[in-house]
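**Student:** have a look; sequence and predicted model below, questions after that.
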Amino acid sequence: MKEIVDSHVHVSLLPFEGWENMALAGVKKVIGCSLFFGAKHAETLFDHFHQMLTLSMSIADKNGIKLYVTIGIHPMGIPDDWTRVIDALPDYLKMSGIVGLGEIGLHEGNKREQEVLYEQLKIAKEYGAAVILHTPPENRIEITNKTIEIAAKVGIEPRKVIIDHANLDIIDLIEEFGAVPGLTIRQDGLTPQVLLNHLERFKRGVLNSDYSNLRPNDPVSVPKTVRYLELNQAHPELIDRISRYNAEEVFGI
Ligand SMILES: [Zn+2]
């Protein structure tokens, strides 16, 4: 069986059975991303990070999956005292099990979100950390451009940056910048069919489920996609890259 990496999972929202099914389908490594919807206080995020590093780690372990954690301020949960989280990020990045910042980025794209993103990217650059950047369902091109503009202003190394939820609309922007496309597989986004038909354009990408309970999601969308690509005679090397090696390289895991 293949050794699959799911590069973006909101593990605190993943039920035990989700872990079990991922393990049964060949997922060996998971990048657990931070998201506390509607967080009001820095402490909320600190507790959220702690929970991923303890409870989620232990559940992953029980299922034979290695969990790596990314932390940070998601644009859908920016606390009032968010600068306190920024101040704490360097210490988190030194902890074992933490492999980068994510999920961070722009959702609506307003000034506050831009400021929070800029400050986080500065820290990521300083510590050489990998970053997982969100792109929203609306105004995708405009907001992806803005995101890239902020990343370029910070001067972060593009190959350490995953721009997630890539699809045909923004893949060229991501490639031009030199970032890694995050390939979130879901019915109302990038589907296995679209990926198969444009695999060459997405070959630098990293597959993920972006599992959360905010919308219909499938914790085994990555193994299902691997199987779909195999059944349709996609190039085995490209399948291995997007389902494992590209993610292992970005996160150094
Ligand atoms: Zn996400």
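**Tutor:** Great, that's in hand.

**Student:** CA atoms for contacts and neighbours, from now on please.
**Tutor:** Noted.

**Student:** quick one, what contacts residue 192?
**Tutor:** 185, 225, 228, 229 (Cα atoms under 8 Å, 6 or more residues apart in numbering).

**Student:** tally of neighbours for residue 220?
**Tutor:** 22 (other Cα atoms under 10 Å).

**Student:** so it makes contact with residue 21?
**Tutor:** Yes. Between residue 220 and residue 21 there is a contact under Cα atoms under 8 Å: 6.9 Å.

**Student:** immediately after the helix or strand where residue 193 lies, which helix or strand?
**Tutor:** Assigning secondary structure by DSSP states H and E places residue 193 in helix 192-197. Sequence-wise, the next helix or strand downstream of helix 192-197 (DSSP H and E) is strand 206-208.

**Student:** tell me the confidence at residue 18?
**Tutor:** pLDDT, residue 18: 98.

**Student:** which residues touch it?
**Tutor:** 219, 220.

**Student:** quick one: buried residues of whichever strand or helix holds it?
**Tutor:** In this structure, residue 18 sits in helix 16-24 according to DSSP H and E. Using 16 or more other Cα atoms under 10 Å as the test for burial, helix 16-24 gives 18, 19, 20, 22, 23.

**Student:** return that helix as CSV; C-alpha atoms alone will do.
**Tutor:** The C-alpha atoms that make up helix 16-24 are tabulated as CSV, following Å, rounded to 0.1, in the frame of the first residue of the first chain:
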residue,chain,number,x,y,z
PHE,A,16,-11.8,9.0,15.9
GLU,A,17,-13.4,7.1,13.0
GLY,A,18,-12.0,9.6,10.6
TRP,A,19,-8.5,8.8,11.8
GLU,A,20,-9.3,5.1,11.6
ASN,A,21,-10.5,5.3,8.0
MET,A,22,-7.5,7.4,7.0
ALA,A,23,-5.2,4.8,8.4
LEU,A,24,-7.1,1.9,6.7
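
**Student:** parallel or antiparallel, list what pairs with the helix or strand following that helix.
**Tutor:** Tracing the chain past helix 16-24, the next element assigned as helix or strand by DSSP H and E is strand 27-32. Strand pairing for strand 27-32, using DSSP bridges, gives strand 4-9 (parallel), strand 66-71 (parallel).

**Student:** would you reformat those strands as CSV and include mean neighbour count and distance to residue 212?
**Tutor:** Shown next, in CSV, are the strands paired with strand 27-32 (neighbours: other Cα atoms under 10 Å; distance: least, Cα to Cα, whole Å):
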stretch, mean neighbour count, distance to residue 212
strand 4-9, 28, 7
strand 66-71, 25, 15
